[in-house]
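Trainee: Provided below are the primary sequence and the corresponding predicted coordinates.
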Amino acid sequence: MVREQYTRTSQGTSLQNPESQYVYKIGIYGWRKRCLYLFVLLLLIILVVNFALTIWIIRVMWFNPEGMGLLKVTKSGLRLDGESEFLFPLYAKEIHSREDSSLLLHSSQNITLNARNMNGDVTGRLTVGPKIVQIQGQQFEIKSSSGKMLFSADENEVVVGADKLCVTGPEGALFEHSVETPLIKAEAFKQLRLESPTRSLSMDAPKGVHIKAQAGNIEATSQMNSILVLDSETVRLPNLPHGTRGVPGNSNGLYEVCVCPDGKLYLSTAGVSSTCHEYSRICQ
């Protein structure tokens, strides 16, 4: 405490006997001093708590000079090691895994990948759900490692670019409409079957239809009638067996295939000359 005294003198008075004395006290005392000490203590406690929280956050979040925990900042971008969980959308130009491991995307509901244009509109979308995989876009393509197109689909057509299309289902392939192909071939040692359960089966080609069985027979089965129309200038049967010359006048076991004007076929006992008649009772 500092105390200053000031003495005022006048005529007729002595310096040794001052009339009055004034004392001024400088400093903080009483409740103000206690409030100041309490405020300084509170600031010190807050500082210690903030410092402890900062240390705890650094330890929990694994902050380091290279990044944060498993997330590292490199010259080429961000590198993330181990498993991570994203609670909000992730925007990235490129996502790839390390050379010695695969990239795994896991979700309890579904995974959706969106591609947007400059206006923010979705131009392509891939959704992988628990029961279905949906792809939305103008065109879908699958290419090989060499860049060859294997499969392509758009609104107009579906193209299979592989050299061979193999359908391994037990029921085969079902086509609701027409099919255009240069070749239909069965696998080795397996039968080729073309079937239409409720409608007709038609094969058309501008330059002809070629059917060939190298190691078996060709069978045509119908629930009602089998109609074979040979609309051609020339019909050739090159592999028909030739009979041997028998006893003249003996036609037992020999028949002649006759054709009616309406296309009906019937057998007639063979004779020296043709036994087929245009106005036969069978044709009427």
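Mentor: All right, it came through fine. Numbering: from 1, shown residues only.

Trainee: Now the helix or strand in which Val40 is found: average pLDDT?
Mentor: Using DSSP states H and E, the element containing Val40 is helix 31-61. The average pLDDT within helix 31-61 is 91.

Trainee: likewise stretch 210-225?
Mentor: In the prediction, stretch 210-225 has an average pLDDT of 76.

Trainee: what about that stretch, how long is it end to end?
Mentor: Its first and final residues considered, stretch 210-225 spans 23 Å by C-alpha to C-alpha, to the nearest Å.

Trainee: ditto for stretch 181-198
Mentor: Termini of stretch 181-198 sit 22 Å apart (C-alpha to C-alpha).

Trainee: what does stretch 87-97 give?
Mentor: In stretch 87-97, first residue to last residue: 20 Å (C-alpha to C-alpha).

Trainee: what do you get for stretch 185-195?
Mentor: 15 Å.

Trainee: buried ones in that stretch?
Mentor: Neighbour-count burial for stretch 185-195, counted by 16 or more other C-beta atoms under 10 Å, picks out no residue. Any C-beta I mention is one placed from the backbone N, CA and C, and that applies to glycine too.

Trainee: mind checking how far it is from the chain centre?
Mentor: On the basis of C-alpha atoms, centre = their mean, to the nearest Å, stretch 185-195 sits 31 Å off its chain's mean C-alpha point.

Trainee: how far out from the middle of the chain is the helix holding Val40?
Mentor: Relative to its chain's centre, helix 31-61 lies at 55 Å (C-alpha atoms, centre = their mean).

Trainee: what lines up beside whichever helix or strand comes after that helix in the sheet?
Mentor: Going down the chain from helix 31-61, the next helix or strand is strand 63-64, by DSSP H and E. Here strand 63-64 is paired, per DSSP bridges, with strand 67-68 (antiparallel).

Trainee: Contacts for the strand it pairs with, please.
Mentor: Contacts of strand 67-68 with the rest of the structure, by C-beta atoms under 8 Å, 6 or more residues apart in numbering, involve Met61, Trp62, Val73, Leu78, Arg79.

Trainee: Hmm, Gly69 and the first one touching each other?
Mentor: Yes: contact between Met61 and Gly69 holds when scored by C-beta atoms under 8 Å: they sit 6.3 Å apart.

Trainee: just to revisit the earlier point, return the member of the contacts of strand 67-68 nearest to Gln139.
Mentor: Leu78 (31.4 Å; C-beta to C-beta).

Trainee: Quickly list what that closest one is bridged to.
Mentor: Bridge pairing for Leu78 - DSSP bridges - gives Val73.

Trainee: all strands for the stretch 51-200 of the chain, in order.
Mentor: 63-64, 67-68, 71-74, 77-80, 111-116, 122-128, 133-136, 140-143, 149-153, 158-160 (DSSP state E, counting those that start in this stretch).

Trainee: other SSEs contacting the fourth one?
Mentor: Helices and strands in packing contact with strand 77-80 are listed as strand 71-74; criterion 3 or more C-beta pairs under 8 Å, 6 or more residues apart in numbering; DSSP states H and E.

Trainee: Show me which residues of the strand it packs on are buried.
Mentor: For strand 71-74, burial by neighbour count (16+ other C-beta under 10 Å) applies to no residue.

Trainee: Other residues contacting that strand?
Mentor: Looking at strand 71-74 with C-beta under 8 Å, 6+ apart, the contacting residues turn out to be Glu66, Gly67, Leu78, Arg79, Leu80, Asp81, Ser84.

Trainee: Name the spans of the stretch 101-250 of the chain whose pLDDT lies under the cut-off.
Mentor: Applying pLDDT under 70 to the stretch 101-250 of the chain flags the ranges 240-250.

Trainee: switch to 90 and redo it
Mentor: Residue ranges of the stretch 101-250 of the chain with pLDDT under 90: 101-124, 129-140, 144-148, 154-250.

Trainee: quick one: the helices in it?
Mentor: Along the stretch 101-250 of the chain, no stretch is classed among the helices by DSSP state H, counting those that start in this stretch.

Trainee: still on that earlier bit, ok, so of the contacts of strand 67-68, who is nearest Glu187?
Mentor: Arg79 (48.4 Å).

Trainee: quick one: Glu94 from Arg116, how far?
Mentor: 15 Å (C-beta to C-beta, to the nearest Å).
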